[in-house]
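Participant: Fold the stuff below for me.
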Amino acid sequence: MTLRMWTGALLIAGCADPALAEGPADVVLRGGTVVGVGRTDLVLRGGKITERGPGAGPGLPAVDVTGQFLVPAFIDSHVHFAYLEGAAGMADGGVVAAVDLAAPLAAIGGPTAPVRVLWSGPMITAPGGYPLNSWGAAGYGLPVTTESEAAAAVDTLKGRGAGVIKLAVTAPPTVSDPAMAAAAAAAHAGGLQVAAHALGDGDSARAAAAGADVLAHTPVETLSDATVEAWRGKAVVSTLAAFGGSPQAVENLRRLRASGVTVLYGTDFGNTRTAGIDAAEIALLVAAGLDGRAILEAGTSAPAAWWGWTDLGALETGKSASLLVLPRDPLLDPGALAAPSQVWLEGARRR
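Facilitator: Below is the predicted model:
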């Protein structure tokens with residue numbers, strides 16, 4: 001058997017093994033445990049889950065996953081693919097979709113298949129502000145000064161294909177509060193959510209007041225009770241490992257989650273270098289008080305609902321055939337999520 005063919009134990013039902021990663025396969029995954037459902041069989045056809053149940057898919061080639069656990073493929077809600085190429089590695093590691101939260105305009109819509117990407121393009125910032133004054137000098141920021149410029153920047157980004165808007169909320173030079181509010185209003189009027197780079201308490205409070213929907217990182221400085229409350233009903237992308245997993249950031253995430261903020265798994269890939277599901281990020285989510293079910297939700301159903309990927313985040317009939325096969329139950333051992341034995345994306349086997 002060549003390296004391009006499936007590895008592992010196969011139960012063949014009348015046809016040869018499909019090639020690895022050459023496109024969607026019509027197969028049945030037999031004998032595994034779909035987490036949250038129980039032991040059952042999954043039929044994959046044309047990149048979709050077409051049937052789920054014991055004995056489903058008679059006559060199809062069968063992959064024996066007895067004793068293993070099946071969960072949806074992950075969504076990483078903070079990456080930078082223009083800064084560091086890694087979509088293929090992400091796919092091989094079990095990531096089916098990602099939110100790219102800062103890239104030059106020309107990078108929007110670039111090749112990332114099979115990983116789906118929601119792009120922000122350059123983050124809206126002040127002239128000479130973050131990230132133009134550091135790592136993002138080559139087009140990763142779009143400078144504005146006035147409210148009208150901020151609204152126009154949103155229109156430009158949406159016109160170029162951005163599906164989310166990102167604001168840089170930092171120490172001076174920074175976008176004014178009225179300009180941030182104008183950008184958020186324009187984004188919401190255009191059906192786009194607003195993510196904010198805000199690492200301190202004051203900046204996080206400003207971002208919430210301006211109308212931002214998502215903290216692009218867990219803040220690393222102590223948050224006041226008022227700031228935590230201001231984010232109730234909104235979302236935060238974890239990115240704990242990207243900033244060293246400090247005890248204060250971990251505690252901030254715990255408090256934000258306890259207040260009703262939705263936690264979205266994210267790694268800040270580009271700043272970090274692990275392509276795939278990051279074991280260090282999973283461990284830090286555990287430290288922040290998330291159990292296995294909450295971590296699974298943060299990487300699957302929660303971001304699928306938040307970002308509008310309606311066919312991701314669950315292993316149900318009609319959903320995308322994008323899933324992980326795990327050797328251990330991730331509800332009991334969340335670290336298993338970072339070491340899948342098989343990865344299927346849109347019906348094609350990557351691993």
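Participant: how much space between residue 67 and residue 329?
Facilitator: Counting by Cβ to Cβ, to the nearest Å, the gap from residue 67 to residue 329 is 10 Å. For glycine as for every other residue, the C-beta is placed from the backbone atoms N, C-alpha and C.
Participant: neighbour-wise, which of these two wins?
Facilitator: Taking neighbours as other Cβ atoms under 10 Å, residue 67 and residue 329 compare with residue 329 leading, 15 against 11.
Participant: Surely the more buried one touches residue 34?
Facilitator: No - assessed by Cβ atoms under 8 Å, residue 329 is found out of contact with residue 34, at 11.5 Å.
Participant: Give the residues shared as contacts by the two.
Facilitator: Counting by Cβ atoms under 8 Å, 6 or more residues apart in numbering, the common neighbours of residue 329 and residue 34 are residue 69.
Participant: Can you give me every residue that contacts residue 268?
Facilitator: If you count contacts by Cβ under 8 Å, 6+ apart, then residue 268 has 78, 79, 80, 217, 239, 242 around it.
Participant: what's the spacing between the first one and residue 42?
Facilitator: This means residue 78. When residue 78 is compared with residue 42 (using Cβ to Cβ), they lie 30 Å apart.
Participant: again with the second one
Facilitator: Using Cβ to Cβ, one gets 28 Å for the distance from residue 79 to residue 42.
Participant: does the spatially most central residue of the chain sit in a helix, a strand or a coil?
Facilitator: Taking Cα atoms, centre = their mean, the centroid of the chain lies closest to residue 76, which sits 2.0 Å from it. The three-state label for residue 76, taken from DSSP: H, G, I helix; E, B strand; the rest coil, comes out as strand.
Participant: Could you tell me which of the contacts of residue 268 are located in strands?
Facilitator: 78, 79 (DSSP state E).
Participant: list the contacts for residue 35?
Facilitator: Here residue 35 is in contact with 69, 70, 71, 296, 329, 330, 331 (criterion: Cβ under 8 Å, 6+ apart).
Participant: Which two of these have the greatest separation?
Facilitator: 70 and 331 (12.5 Å; Cβ to Cβ).
Participant: one step back: and the contacts of residue 35, which are buried?
Facilitator: 69, 70, 71, 296, 330, 331 (16 or more other Cβ atoms under 10 Å).
Participant: ok, the last one touching residue 295?
Facilitator: No - with the criterion set as Cβ under 8 Å, residue 331 and residue 295 do not qualify as a contacting pair; they are 9.1 Å apart.
Participant: So what would you say the end-to-end distance of stretch 310-323 is?
Facilitator: 15 Å (Cα to Cα, to the nearest Å).
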